[in-house]
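Mind folding the following:
(chains A and B)
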Protein chains: 2
Amino acid sequence: MRATVIHAPRDIRVEDVPTPHLSSGRDAIVRVVAACVCGSDLWPYRGVTPTESAHRIGHEFVGVVESIGDDVALVSPGDFVIAPFYVCDNTCANCRNGVSTSCLNGGWWGSEDREGGFADGGQGEFVRVPLADGTLTVVEGPVADSEIPGLLTLSDVMGTGHHAAVSAGVQPGDAVAVVGDGAVGLCAIIAAHRLGATTIIAMSRHPERQALAREFGATHVVSERGDEGVERVRELTGGIGADRVLECVGTKESMDQALRSTRPGGMVGYVGVPNGGPELPVQAMFGRNVGVNGGVAPVRGYIAELLPDVRSGKIMPGKVFDLVLPLEEAPEAYAAMDERRATKVMLKLGL
Amino acid sequence: MRATVIHAPRDIRVEDVPTPHLSSGRDAIVRVVAACVCGSDLWPYRGVTPTESAHRIGHEFVGVVESIGDDVALVSPGDFVIAPFYVCDNTCANCRNGVSTSCLNGGWWGSEDREGGFADGGQGEFVRVPLADGTLTVVEGPVADSEIPGLLTLSDVMGTGHHAAVSAGVQPGDAVAVVGDGAVGLCAIIAAHRLGATTIIAMSRHPERQALAREFGATHVVSERGDEGVERVRELTGGIGADRVLECVGTKESMDQALRSTRPGGMVGYVGVPNGGPELPVQAMFGRNVGVNGGVAPVRGYIAELLPDVRSGKIMPGKVFDLVLPLEEAPEAYAAMDERRATKVMLKLGL
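Numbering: from 1, shown residues only, chains lettered A, B, ... in the order given. Coordinates of the predicted model:
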């Protein structure tokens, strides 16, 4: 089959790789309908994180189940399924606590699973899915082609934006600022709006993303950064800062912006993967009682809550996809996101 | 009047200082009934934080109102009052948000207030209290001598322990670990028990404090630290770590212990004043979804909730005082706490 492989920074190729096969009783083979490129995929692409040797890449996909192992009970061949960006059993203590990203038996796409099989990367024609009952969520058919973008966001960005809002403790009536106008930041705006925030400040400098932010529920746009950005947020929040700030970038600068834009006693919900390990300034947090909560988003557990709103059109996170390409053009998908010509690129293989 | 002055590390003196007088319409003069030494007072005592020049010290006291300014409406001469460890108006936006330690008009004992008057330090015979209506909480009389220790803990340590538990989000049924067996840590155990935690792990190496911890509600005591301490907490919590960990020390080591003892998706509530500015390891927090929330405790806002339980004897935080001395022996009070001969020392002046 064909799948995407990263060889080195800026060297993404679509190649022939072994077609996966069932290797345990609990796995499934899924034919990929659509996949996408994640902001975090850009880190090895840009060389921010090293690529020691060529390996498969990708971790967001939806598809149709082709075959299942003998011990799989909850998904069947022909089912349309959403995969989160990780593997989980959905039954261990951490999964039951809502933290399926810390599943005691889980794993990550593009690597060996715990039983010695390979879990493909998602940006390819097929994927072997370990722990299929836990990992996959079935979408009741029929699924229309027009639904695919929205469903695909539940594999990562919509659930991740929601996790930022949940981690920050967004409540009805809150003033929320969102740092980051990528796909996750835009989905965090949707989430804050959905949870009842009444002031939603999008921190964005890109006109197209500002427009989408407003469409998703942002009440204000702040294009300034640094001290000026903090000051603008304070002006919009009675002089004290936002109740909740959603940090959706992952750099030292963005976290600093988030912490300083939060009012005393407020909370930063963060989902931007910390890039290079910025550390948190605990003394500044302590003095103002600004908390930090979040992390790698356990999106598997959010699908059941968000799916009805996506299918009904109440929320439309699929709009974050502003470029759709065939699998063979994965290199261009990476380039378009790297160069910020696209917010989020879908690789579409078809229903 | 007589009051405590720090001149240099380990040089605490009780000296004659000017008796305070009313200097604005909103202040009050309080005759101190009892004061105490805070763990944070030990930092200048030990030279961890510098003492540039001799200055008044102390910030926890209860007393009786002597006189009030013309604009004071909520306290009257003769009232028994509890002062939190800071000054606040209890009406500004931050106070209304429950963060009176960030009061827009507030201040700190032992320093000038915003109207140019001096707010005494508490470890003395009298204190000028700025913003008396906001700062002071009246305790309905009569107040018995035996009640003084419990009431005095509401000026800081009991409210601070409670803040750790509230910031961590302690819920009924939670497994909670408490790092630190000083007065605040012991009060955090009371708070966790009061909020319904069913497993409460006290991390302590001192037999007397272990005994008090158990009396306050600890179900387990862990004397190990570092990797072994983390392992012991995990053994007691189904292998995954505590739902909530209350960090009541403020060192890099104690925060590390707290973060690593927390289960994925759990929260550290921290109230230990960060000593020397340890920074938080955000990548480790991110991967496990361990949040950090807390800070300088807004105890003023907790007095109304905690006072009835203190007066009824439902909680007995006054037991943290294991040494009572007259004001003139303040130097010995500091030495006893510094040398860990006492957990918490009360300076008693009398009703």
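
thought A:Ser24 was touching A:Ile68?
No - the pair A:Ser24 / A:Ile68 is not scored as a contact, 11.0 Å apart, by C-beta atoms under 8 Å. The way it works is simple: take the backbone N, C-alpha and C, and place the C-beta from them, glycine included.

ok, these two, which is more surrounded?
More neighbours surround A:Ile68 than the other of A:Ser24 and A:Ile68, with 24 against 18 (other C-beta atoms under 10 Å in any protein chain shown).

quick one: the closest residue to that one other than its chain neighbours and chain B, what's the gap?
Leaving aside its chain neighbours, A:Ile68 sits nearest to A:Ala28 (4.6 Å; criterion: C-beta to C-beta, 6 or more residues apart in numbering or on different chains). Summarising the geometry, the distance separating A:Ala28 from chain B, computed by C-beta to the nearest C-beta, to the nearest Å, is 26 Å.

mind checking the backbone torsions on A:Ala28?
Note on A:Ala28: its backbone torsions stand at phi -140, psi 160 [degrees, to the nearest 10].

Bridged to it, which residues?
Beta-bridge pairing of A:Ala28 under DSSP bridges involves A:Ile68, A:Val129.

okay but it is in contact with A:Val72, surely?
Yes - with the criterion set as C-beta under 8 Å, A:Ala28 and A:Val72 qualify as a contacting pair; they are 5.8 Å apart.

Show me which of the two is the more surrounded one.
Neighbour tally, A:Ala28 and A:Val72, criterion other C-beta under 10 Å: the higher count belongs to A:Ala28, 28 against 22.

mind checking how far the more buried one is from A:Ala73?
The gap separating A:Ala28 from A:Ala73 is 11 Å, by C-beta to C-beta, to the nearest Å.

for A:Gly121, same thing?
26 Å.

in the stretch 201-350 of chain A, which spans are strands?
Assigned by DSSP state E, counting those that start in this stretch, the strands in the stretch 201-350 of chain A fall at A:220-222, A:242-247, A:262-270, A:291-294, A:323-325, A:345-348.

A:Ser67 - nearest residue in space that isn't next to it in sequence?
Nearest to A:Ser67 is A:Ile29, by C-beta to C-beta, 6+ apart, at 4.8 Å.

ok, that neighbour - contacts?
Under the criterion of C-beta atoms under 8 Å, 6 or more residues apart in numbering or on different chains, the contact partners of A:Ile29 comprise A:Pro20, A:His21, A:Leu22, A:Val65, A:Glu66, A:Ser67, A:Ile68, A:Phe126, A:Val127, A:Arg128, A:Val129.

Could you dump those residues into JSON lines with distance to A:His220 and pLDDT added?
Formatted as JSON lines, the contacts of A:Ile29 follow (distance: C-beta to C-beta, whole Å; pLDDT from 0 to 100):
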{"residue": "A:Pro20", "distance to A:His220": "47", "pLDDT": "96"}
{"residue": "A:His21", "distance to A:His220": "53", "pLDDT": "94"}
{"residue": "A:Leu22", "distance to A:His220": "52", "pLDDT": "94"}
{"residue": "A:Val65", "distance to A:His220": "44", "pLDDT": "98"}
{"residue": "A:Glu66", "distance to A:His220": "47", "pLDDT": "98"}
{"residue": "A:Ser67", "distance to A:His220": "50", "pLDDT": "98"}
{"residue": "A:Ile68", "distance to A:His220": "49", "pLDDT": "98"}
{"residue": "A:Phe126", "distance to A:His220": "45", "pLDDT": "98"}
{"residue": "A:Val127", "distance to A:His220": "41", "pLDDT": "98"}
{"residue": "A:Arg128", "distance to A:His220": "46", "pLDDT": "97"}
{"residue": "A:Val129", "distance to A:His220": "42", "pLDDT": "97"}
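
Mark which of the residues you listed are buried, thanks.
A:Pro20, A:Leu22, A:Val65, A:Ile68, A:Phe126, A:Val127, A:Arg128, A:Val129 (16 or more other C-beta atoms under 10 Å in any protein chain shown).

wait, is the second one part of a strand?
By that I understand A:Leu22. No - under the criterion used here (DSSP: H, G, I helix; E, B strand; the rest coil), A:Leu22 is coil, not part of a strand.

so what pLDDT did the nearest residue to it once chain neighbours are set aside get?
In space, not counting the residues next to it along the chain, A:Leu22 is nearest to A:Gly69; the distance is 5.2 Å by C-beta to C-beta, 6+ apart. Taken from the predicted model, the pLDDT recorded for A:Gly69 is 97.

Could you tell me how far A:Gly69 is located from A:Ser100?
For A:Gly69, the distance to A:Ser100 (C-beta to C-beta) stands at 20 Å.

higher neighbour count, the two?
Using other C-beta under 10 Å as the criterion, A:Gly69 and A:Ser100 rank with A:Ser100 on top: 28 against 17.
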